[in-house]
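Q: attaching a predicted model along with its sequence, questions to come.
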Amino acid sequence: MSAPDIFQAAGRAGRPIAGAVLIDAHAHFGHGPDFPILHPTAKSLVASMDRLGIQLSCVSSIQAIFGDAEQGNPHVADGIKEFPDRIFGYLVVDVGYPEKVAAQLAGGRAAGFRGVKVWSYGARPGLPYNHPNYEPVFAYANEHAMPVLAHVFGPELDELEGYIQRYPRIRWLLAHIGSAELEKYMRFAREYPTVYVELCLSACPRGLIEHLVMAGLEDKIVWGSDAVFLDQASQLGRVLFAQIPLEAKRKIMGLNARKVLGL
Amino acid sequence: MAPLKLIACDVMVGLPRKPYPLFRPDAADLDRELARLEIAAAVVRHRQCIENFPYWGNDVLAREAAGRAAWIPAVCLTPDGAPDGFSLEQTMARALAQGMRVAWISPREHMFSARPWCSGKLYGACSAARLPLLVDYRGITLDEIEEILTAFPQLRLIVTQVPRLGRHRSLYALLERHPSLHLCLSSAYSVHEGIPDLVENFGHARFVWGTSYPEAEGGASVALLTYAPITEAARAAIAHGNIERLLAEVKP
């Protein structure tokens, strides 16, 4: 008889997860351009984290992603100040305006941001990752050995591959595995020691986590929720109820994130 | 403490012609999923109703559901009724006599207008029988829902696959305007603070729960509800109480 799955039992009962490192590697503050988000604040996110037993959430500003880094990043900086042990900040820079980038990077790091978030295009137009404006961003992250969370929905993988090869001090988190180009995400995770794949996806594809673990990638999978766009509980439920060994769940829920984030 | 009783209201069983790469959602698979996630019962639609002919799919579902106490079959309806009679009245009467307690429509796949000028008789019959009627959010427009519920305010319409669009501007307006509109909340509705906000604004009687089976990992929907910061009474109502009440109120 197999041992009871403590994580599934906790999820079924709605109990906070205990006895495991639990890190949400992909979260946000702020409102989205298309629809209003309910309570998109640090206080509300931390309340959600407490209900689930999440120790740390890694946050970037939605307003910064969608074109106003100068006004958006300070919201995350405020969250870091208010909850220094619970919030890890990803800095976003205005890559469309290269004259701003150097100051935003230096100022952000001084304000306590420890990672970089990049978002190219998708729901809104933006510069592809292979645009030269990204070069100083990734060079800076490489110089300071910062993790980079990259929004990816498939085609962007090719645009990132050159940077992954040239900047070995960056730990890369490729977001939204399962959205498209699954085999390519998996190839990147296998081939590049610095690449990890991140799970958040509203579709919650059935069998995906099991497939990745069966493929030998349990050391390369990182859980993230995309809160406050999405609900942390439902995204965590994908891992809690996944039909994989407990030790693989522990890695996905937080141990792998610790490596990526340099904690 | 006994686990929260769960009834999933949006299940679709059956194998698609193009197989899913990672799972095989046949009847046995559904039974395993219900057991694994400790789900007491499921309102079940059959994929053959959309990949094949709707009334063929209903027959397949009836055969597969026989002997499965946890399955609550949902009958797929069209406004013209089943061939060769093409009598909605006869189709409804026969299905109700055979135990139908919930139905569904798929206007896009079955190429009919969901608007009352085309489907009004169907909505009228469902209203008269107090029959809950499921429709997938992706297969109907919000303007169509507005027209339907304006014309048939007693229709117990349950919208499944409600999307994760935050404080959904149009759905909130529809919920305000139409007290008989119900939403099925599954992992598709992955909204930060979404369930407590819905309950705070509209009470807990108009929401049921689903798993987005087969495409989604059902555990995501379980956690969506078990961790929601709402009262236990509201949680139980959404988990099972509301659909049990709706099914019990059908007038055969």
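A: Received, thanks.
Q: so A:Pro168: helix, strand or coil?
A: Under DSSP: H, G, I helix; E, B strand; the rest coil, A:Pro168 falls in the coil class.
Q: what separates it from A:Ala180, distance-wise?
A: 26 Å (C-beta to C-beta, to the nearest Å). For glycine as for every other residue, the C-beta is placed from the backbone atoms N, C-alpha and C.
Q: B:Pro107 too?
A: Distance, B:Pro107 to A:Ala180, using C-beta to C-beta: 28 Å.
Q: between these two, point out the one with more neighbours.
A: Neighbour count, other C-beta atoms under 10 Å in any protein chain shown: between B:Pro107 and A:Ala180, B:Pro107 has more, with 20 against 13.
Q: need the pLDDT of the closest residue to the more buried one other than its chain neighbours.
A: Leaving aside its sequence neighbours, B:Pro107 sits nearest to B:Ala114 (C-beta to C-beta, 6 or more residues apart in numbering or on different chains; 4.1 Å). On pLDDT, B:Ala114 comes in at 98.
Q: do B:Ala223 as well
A: So B:Ala223 comes in at 98 (pLDDT).
Q: and what of the one 10 residues further on?
A: Note for B:Ala233: predicted pLDDT of 98.
Q: touching, it and B:Ala205? I think so.
A: No - using C-beta atoms under 8 Å as the test, B:Ala233 is too far from B:Ala205 to be in contact (10.7 Å).
Q: quick one: which of those two has more around it?
A: Using other C-beta under 10 Å, the more surrounded residue of B:Ala233 and B:Ala205 is B:Ala205, with 16 against 10.
Q: tell me the mean pLDDT for stretch A:133-147?
A: Stretch A:133-147 comes out at a mean pLDDT of 98.
Q: please read the previous query as pertaining to stretch B:122-135.
A: 98.
Q: end-to-end on that stretch?
A: Using C-alpha to C-alpha, to the nearest Å, one end of stretch B:122-135 lies 13 Å from the other.
Q: just give me how far it sits from the chain centre.
A: Distance of stretch B:122-135 from the chain centroid (C-alpha atoms, centre = their mean, to the nearest Å) equals 12 Å.
Q: likewise for stretch B:120-132?
A: 15 Å.
Q: give me the buried positions along it.
A: Going by neighbour count (16 or more other C-beta atoms under 10 Å in any protein chain shown), the buried part of stretch B:120-132 is B:122-127, B:129-132.
Q: can you list contacts of that stretch?
A: B:77-79, B:88-89, B:92, B:96, B:100-103, B:105, B:116, B:133, B:148, B:151-152, B:154-156, B:158, B:182, B:243, B:246-247, B:249-252 (C-beta atoms under 8 Å, 6 or more residues apart in numbering or on different chains).
Q: and those near chain A, which?
A: Counting by C-beta under 8 Å from any C-beta of the partner chain, nothing from the contacts of stretch B:120-132 sits close to chain A.
Q: and the strands in the stretch 1-150 of chain A?
A: Taking DSSP state E, counting those that start in this stretch, the strands of the stretch 1-150 of chain A run over residues A:23-29, A:56-61, A:87-91, A:115-118, A:147-150.
Q: now restrict the contacts of stretch B:120-132 to buried residues only.
A: Buried among the contacts of stretch B:120-132 by 16+ other C-beta under 10 Å: B:77-79, B:88, B:92, B:96, B:100-103, B:105, B:116, B:133, B:148, B:151-152, B:155-156, B:158, B:182, B:243, B:246-247, B:250.
Q: among the residues you listed, which are in strands?
A: Among the buried ones among the contacts of stretch B:120-132, the members found in strands (DSSP state E) are B:103, B:105, B:133, B:158, B:182.
Q: how far away is the second one from chain A?
A: Computed with C-beta to the nearest C-beta, to the nearest Å, the distance linking B:Ile105 and chain A is 23 Å.
Q: who does that residue bridge with?
A: As for beta bridges, B:Ile105 partners with B:Val135 under DSSP bridges.
Q: contacting residues for it?
A: Shown in contact with B:Ile105 (C-beta under 8 Å, 6+ apart): B:76-78, B:114, B:119, B:122, B:133-135.
Q: distance to A:Ala69 added to those, as TSV?
A: What follows is the contacts of B:Ile105, written out as TSV (distance: C-beta to C-beta, whole Å):
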residue	distance to A:Ala69
B:Cys76	50
B:Leu77	52
B:Thr78	53
B:Ala114	44
B:Ser119	49
B:Leu122	52
B:Leu133	47
B:Leu134	44
B:Val135	42
